[in-house]
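1. predicted model and sequence below, questions to follow.
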Amino acid sequence: MDPMDPTDTSHSPDGGRTRLGWRYAALSDVGRVRKDNQDSGFASSHLLVIADGVGGAARGDIASSTAVQALRRLDEPPPEDMLEALAGAIHRAHDRIAELVEENPELDGTSTTVTAALFDGSRIGLAHIGDSRGYLLRDGTLSQLTKDHTFVQSLIDEGRITEEESRTHPHRNLILRAVDGVHETDPDLFYIELAPGDRLLLCSDGASGVLDHPRLADILGTGSADYAVVELVRASLEAGSSDNVTCVVADVLDNAVEPAVPAGAPLPEPLVVGAAAEQPRRSGPARSLFRGHRGGDTGEIEPVPGEDEPGPDPEELRYAPRAPRRGRWFRRALALLLVVGLIAAAAVLGYRWSQNQYYVAAEGDKVAIFRGVQADVPGVRMHQVDSTTDITIESLKDYNAEQVRAGIPAESKSDAQAIVQRLEGLATVCPPPTPSPTPSPSPTRTPTSKKASGKNPSRSPSRSASPSPSPTPTVQPPDCIERTAS
């Protein structure tokens, strides 16, 4: 097995049975372009979450904070099936977003990415949907745990662009899957075995979109978890990130050597950052001077003022499968009417075409020419008898009879008539009846002169044979057809 494979349990003492702990830090910043922070983050002794809201004016901050609030219910000793618990929490977030949109149509179009890690003391169950990312730093080597659900990732998978080219692709922000309250959630779900010394990073694309692997590995390999989140946010902004930036870092410790929580000490308070820390309070744009990240402060830098950007906010166009924001029902009804109209037009054209088609088939026990097609639409008869012939089905050989019963397509009416003529030539013709013989007249007695004969006249006159009856034909209709001599 690959020594850097994070799923290899051999990296964990006793095959993963050692109880581990972690120390964590989280930081979110509004960035230097955005007026609002639509990212949310959460970190605790059992759970790490990153959610990047999508929707611009549709309030992606509400979507991300809703996802965090649904997932943080898992902040307790996890159940045996952590993946099922994560999937259930994401689905609850999906349902809650749907309720919010129904209550406030202005939120129609909001959605959020979700990447969450649930920790049981030896491994994490990881759930992922969208383009936020999860990384694992082990022995100085950085591995990306998640795979982006984005348009550019599909281009990378097809070999059409490289990872480096994806960072400047014009559609690099277009995500294909998210939690939106409309489409069914379909997160990636898997387990990762942990080992002492591992460092986990969950981050929004505000960081991963501008910091490449070597730079991420360099920052993660230095200092404590607190230092790492601060440097990751600072480096992302200095690299020109135009998005919100949120990072959650956790250091995995061996409790037997260096307990994450000293004996008798209470568990550290969970960290909630970004939009989830602000909700339901929202009195204006996020403002701060990068003062820190603990407590209620989300550590945000005040956005740089400037002229309004022309055109729609790219954040509003980010989620590809998003439903229309306004007039959704009217547009759906209009689309439905258009579809119905197209189907009706196609049906009319199809019927007209069908009435110019011909075929030969059975009509009762006779061969007939039909106009139309051998199919019926409920409520519409697609064929009718054009003409019936004197050819009976029984007069044909078995093979030809089966052809007629199944229907013989013709290219035109004249072609159908030619097929009938061919069948007529193959049909059995009834034999002509044999005329009855005329009986001979009865013989007359001729008297014989005794003088001439000298003998007694004969008493037995000669008689002709009796007439024979008319012969009966061996084949009769409908096993044959009667053909009139021309």
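-> That came in fine, so what should we check first?
2. counting by contacts, list what the lengthiest helix in the chain packs against.
-> Ordering each helix of the chain by length in residues (DSSP state H) puts helix 328-354 first. On a contact count with 3 or more Cβ pairs under 8 Å, 6 or more residues apart in numbering; DSSP states H and E, helix 328-354 meets no helix or strand. For every residue, glycine as well, the C-beta is placed using N, CA and C.
3. quick check: what element follows that helix along the chain?
-> strand 358-363 (DSSP states H and E).
4. thought residue 171 was touching residue 151?
-> Yes - here residue 171 reaches residue 151: they are 5.2 Å apart, a contact under Cβ atoms under 8 Å.
5. between the two, which one's more packed in?
-> residue 151 (17 against 13; other Cβ atoms under 10 Å).
6. check contacts around that one.
-> 171, 174-176, 320 (Cβ atoms under 8 Å, 6 or more residues apart in numbering).
7. which of these count as buried?
-> 174-176 (16 or more other Cβ atoms under 10 Å).
8. which of these lies closest to residue 268?
-> residue 175 (32.7 Å; Cβ to Cβ).
9. could you chop the protein up by domain?
-> 9-326, 358-426 (automatic domain parsing).
10. helix/strand/coil for residue 137?
-> strand (DSSP: H, G, I helix; E, B strand; the rest coil).
11. pull up the gap between it and residue 205, please.
-> 19 Å (Cβ to Cβ, to the nearest Å).
12. the two: which is more packed in?
-> Using other Cβ under 10 Å, the more surrounded residue of residue 137 and residue 205 is residue 205, with 26 against 21.
13. so who does that one touch?
-> Here residue 205 is in contact with 52, 131-133, 173, 243 (criterion: Cβ under 8 Å, 6+ apart).
14. test my guess that residue 231 contacts residue 224.
-> No - Residue 231 lies out of contact with residue 224 (Cβ under 8 Å); the separation is 10.5 Å.
15. what about these two, which has more around it?
-> residue 231 (17 against 12).
16. excluding its backbone neighbours, what's nearest the more buried one?
-> Once flanking residues are discounted, residue 231 sits nearest to residue 219: 4.9 Å by Cβ to Cβ, 6 or more residues apart in numbering.
17. distance of residue 201 relative to residue 134?
-> 7 Å.
18. make that residue 269, sorry
-> 23 Å.
19. next: residue 482.
-> In terms of Cβ to Cβ, residue 482 sits 88 Å off from residue 134.
20. try residue 114
-> 11 Å.
21. who touches both of the two?
-> What both residue 114 and residue 134 touch, as defined by Cβ under 8 Å, 6+ apart, is the set residue 128.
22. please say which of the two ends up with more neighbours.
-> residue 114 (29 against 26).
23. ok, that one - contacts?
-> Counted by Cβ under 8 Å, 6+ apart, residue 114 has contacts 49-51, 67, 71, 90, 93, 127-130, 132, 179, 187.
24. would you list these in TSV and tack on distance to residue 251?
-> Putting the contacts of residue 114 into TSV (distance: Cβ to Cβ, whole Å) gives the following:
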residue	distance to residue 251
49	17
50	17
51	22
67	25
71	21
90	26
93	28
127	21
128	21
129	26
130	25
132	20
179	28
187	25
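25. in strands only, show me the residues you listed.
-> Among these, the subset assigned to strands under DSSP state E consists of 49-51, 127-129.
26. next, format the residues you listed as a markdown table and append neighbour count, distance to residue 141 and pLDDT.
-> Shown next, in a markdown table, are those (neighbours: other Cβ atoms under 10 Å; distance: Cβ to Cβ, whole Å; pLDDT from 0 to 100):
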| residue | neighbour count | distance to residue 141 | pLDDT |
| --- | --- | --- | --- |
| 49 | 32 | 25 | 98 |
| 50 | 34 | 22 | 98 |
| 51 | 38 | 27 | 98 |
| 127 | 26 | 24 | 98 |
| 128 | 27 | 21 | 98 |
| 129 | 27 | 26 | 98 |
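27. so where's the stretch 251-400 of the chain uncertain?
-> For the stretch 251-400 of the chain, the stretches with pLDDT under 70 are 279-313, 321-329.
28. from residue 204, how far out is the nearest residue to residue 240 once chain neighbours are set aside?
-> Spatial nearest neighbour of residue 240, chain neighbours left out: residue 210 (6.1 Å); criterion: Cβ to Cβ, 6+ apart. Going from residue 210 to residue 204 by Cβ to Cβ gives 11 Å.
29. neighbour count for the two, which is higher?
-> When residue 210 and residue 204 are compared for neighbours, residue 204 comes out ahead with 32 against 19, by other Cβ under 10 Å.
30. give me every residue that touches the more buried one.
-> Neighbouring residues of residue 204 by Cβ under 8 Å, 6+ apart: 39, 50, 52, 113, 132, 243-247.
31. who wins for most neighbours among these?
-> In the contacts of residue 204, the most neighbours by other Cβ under 10 Å go to residue 39, 38 neighbours.
32. contacting residues for the closest residue to residue 197 other than its chain neighbours?
-> The shortest distance from residue 197 to any non-neighbouring residue, by Cβ to Cβ, 6+ apart, is to residue 252 (6.7 Å). Counting by Cβ under 8 Å, 6+ apart, residue 252 touches 20-22, 194-200.
33. which among those count as buried?
-> The buried subset of those (16+ other Cβ under 10 Å) comprises 20-22, 194-196, 198-200.
34. restricted to strands, list the residues you listed.
-> Per DSSP E, the subset of the buried ones among the contacts of residue 252 in strands is 20-22, 199-200.
35. which of these lies closest to residue 103?
-> Taking those together and measuring to residue 103 by Cβ to Cβ, the closest member is residue 200, at 36.0 Å.
36. could you say which helix or strand contains the closest residue to that closest one other than its chain neighbours?
-> In this structure, residue 200 finds its nearest non-sequential neighbour in residue 250, 4.6 Å apart by Cβ to Cβ, 6+ apart. Here residue 250, judged by DSSP H and E, is contained in strand 245-254.
37. and the helix or strand that comes right after that strand, which strands flank it?
-> Remark: after strand 245-254, the chain's next helix or strand is strand 271-274, criterion DSSP H and E. When pairing is defined by DSSP bridges, strand 271-274 lines up against strand 39-43 (antiparallel).
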